[in-house]
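Participant: Using only what follows, build the 3D model:
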Amino acid sequence: MTQFPAVSLYCMNNNKYQPALFWFAVLNAFATFLLIGLGGLVTSHEAGMSVPDWPTTYGYNMFLFPVDKWIGGIFYEHSHRLLASAVGLLTTILAVWLWLREPRKWLHWLGIAAFLLVIAQGILGGLRVRWQLDWLGVPHGAVAQTFLVLTCALALFTSRWWHRSEMEQQVSIPRGLRSHVLYVTVLIFVQLLIAATMRHQHAGLAITDFPLAYGKIWPATTPEALLAYNAHRPPGTIGNPITAFQVNLQMVHRLVAYAIFLGVAAAAMLAKKKLGLRDSLTRLTFFWLVLLLVQIGLGAATIWTNKAADVATGHVMVGALALLTGALWWLMAGQRTRQALK
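Facilitator: Below is the predicted model of the structure:
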């Protein structure tokens, strides 16, 4: 009779897959992803200060604000607040559920971390309104992306796949490939911070053409050039006059986008070489590459459509998916490697 190691017996007896817990974690992660999309709509519609008070909404209890007053930018901002409250409630329930029913102690603390992070996110959003500080939108966006990765990681850790992988023979993932994916994922996070900085300066498009920039590979940023850029902005552009910093920042954003694309393409080729085309992680890297192609297309379309709200928001959401894909790939690769080395 086959003898299982003690760790496997522990997993089978005390660490069983809980479908209800997993699907609740998935619901929380999906709601978080929708919240990021709705936050993108708020920024794209310049609706961040459409509701000037917090935690109330025009003096009303947030949850009792009359529906007939949900008009214009108020609709986006108030809907964002309500969905954020729902995500906070879901995260609280998930943290308690993990603490009471999950035998893996480290998941207890990850649940608590998610709970604390969602509170911090709510406070950052509220302070941005009360203090009217646009720069707070950058850490608000950074915490949102971090929270999305954490909620999706919780769904992964409670999934059937994670439990099964603890009891099956796994193939180790080369350390170089895992490190490469991690570095590219960190670069995507940095790129999202750059994008958040651009979006929360409320200057519209700092560069209005693509793939060139004001007809050049790298645009001039002299005072005379900036005067010309501001004088010939597209009709209907809303926002502050653009500055040399904003022009250069958008160029850095473009350069980092190209670097990320090359990094993901290299990850796909490395995975194909090291793991084979049939491996699930190889297929995930090719999905990642497709996401990057879509993201670059949406970035170009954002410029060509003069930052249309739906296109810009799609750009935000696909960017979040790109970050998430890299993070989950790295976690799954780490789990497979740990089990293979046991």
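Participant: where does this protein have low pLDDT?
Facilitator: 1-15, 47, 167-169, 202-204, 236-239 (pLDDT under 70).
Participant: Show me the domain layout of it.
Facilitator: Following automatic domain parsing, one finds the domains of the chain at 1-168, 171-342.
Participant: Output the ones you listed in JSON lines, with mean neighbour count appended to each entry.
Facilitator: Every residue, glycine included, has its C-beta placed from N, CA and C. Shown next, in JSON lines, are the domains of the chain (neighbours: other CB atoms under 10 Å):
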{"stretch": "domain 1-168", "mean neighbour count": "17"}
{"stretch": "domain 171-342", "mean neighbour count": "17"}
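Participant: Could you pull up the residues touching Thr158?
Facilitator: Tyr17, Gln18, Leu21, Phe22, Ala25, Glu102, Leu107 (CB atoms under 8 Å, 6 or more residues apart in numbering).
Participant: Under a three-state scheme, what state does the first one occupy?
Facilitator: Using DSSP: H, G, I helix; E, B strand; the rest coil as the criterion, the local structure at Tyr17 reads coil.
Participant: quick one: the nearest residue to it once chain neighbours are set aside and Ala196, what's the gap?
Facilitator: Nearest residue to Tyr17, sequence neighbours excluded (CB to CB, 6 or more residues apart in numbering): His163, at 4.4 Å. Using CB to CB, to the nearest Å, we find His163 at a distance of 36 Å from Ala196.
Participant: again, but for Ala267
Facilitator: 24 Å.
Participant: now Ala244
Facilitator: Separation of Ala244 from Ala196 (CB to CB) stands at 20 Å.
Participant: All the helices of the protein, in order from the start?
Facilitator: For the chain, the helices defined by DSSP state H occupy 6-14, 19-44, 73-101, 105-131, 137-157, 160-165, 175-199, 223-231, 244-275, 280-304, 309-340.
Participant: mind pulling up the phi and psi values for the nearest residue to Leu205 once chain neighbours are set aside?
Facilitator: Closest residue in space to Leu205, ignoring its immediate chain neighbours: Lys307 at 5.5 Å, by CB to CB, 6+ apart. Dihedral angles of Lys307 (phi, psi; degrees, to the nearest 10) stand at phi 60, psi 50.
Participant: Could you double-check that Lys307 sits in contact with Ala206?
Facilitator: No. Using CB atoms under 8 Å as the test, Lys307 is too far from Ala206 to be in contact (10.5 Å).
Participant: shared neighbours, these two?
Facilitator: By CB under 8 Å, 6+ apart, no residue touches both Lys307 and Ala206.
Participant: OK, contacts around Thr91?
Facilitator: Residues in contact with Thr91, defined by CB under 8 Å, 6+ apart, are Asn28, Ala114, Phe115, Val118, Thr151.
Participant: Roughly how far does the second one sit from Leu281?
Facilitator: Just to be clear, that refers to Ala114. Ala114 is 25 Å from Leu281, by CB to CB.
Participant: what does the first one give?
Facilitator: Asn28 sits at a distance of 25 Å from Leu281 (criterion: CB to CB).
Participant: With the fourth one instead?
Facilitator: Val118 sits 30 Å away from Leu281, going by CB to CB.
Participant: same question, the last one
Facilitator: Between Thr151 and Leu281 the distance, using CB to CB, works out to 21 Å.
Participant: so which of the helices of the chain comes closest to Asp53?
Facilitator: When the helices of the chain are compared by CB to CB, helix 105-131 sits nearest Asp53, at 7.2 Å.
Participant: Can you name every helix or strand that the closest one contacts?
Facilitator: Helices and strands touching helix 105-131, by 3 or more CB pairs under 8 Å, 6 or more residues apart in numbering; DSSP states H and E, are helix 73-101, helix 137-157.
Participant: Nearest to Ile173, out of those?
Facilitator: helix 137-157 (15.6 Å).
Participant: same for the closest one, what does it pack against?
Facilitator: helix 19-44, helix 73-101, helix 105-131, helix 175-199, helix 309-340.
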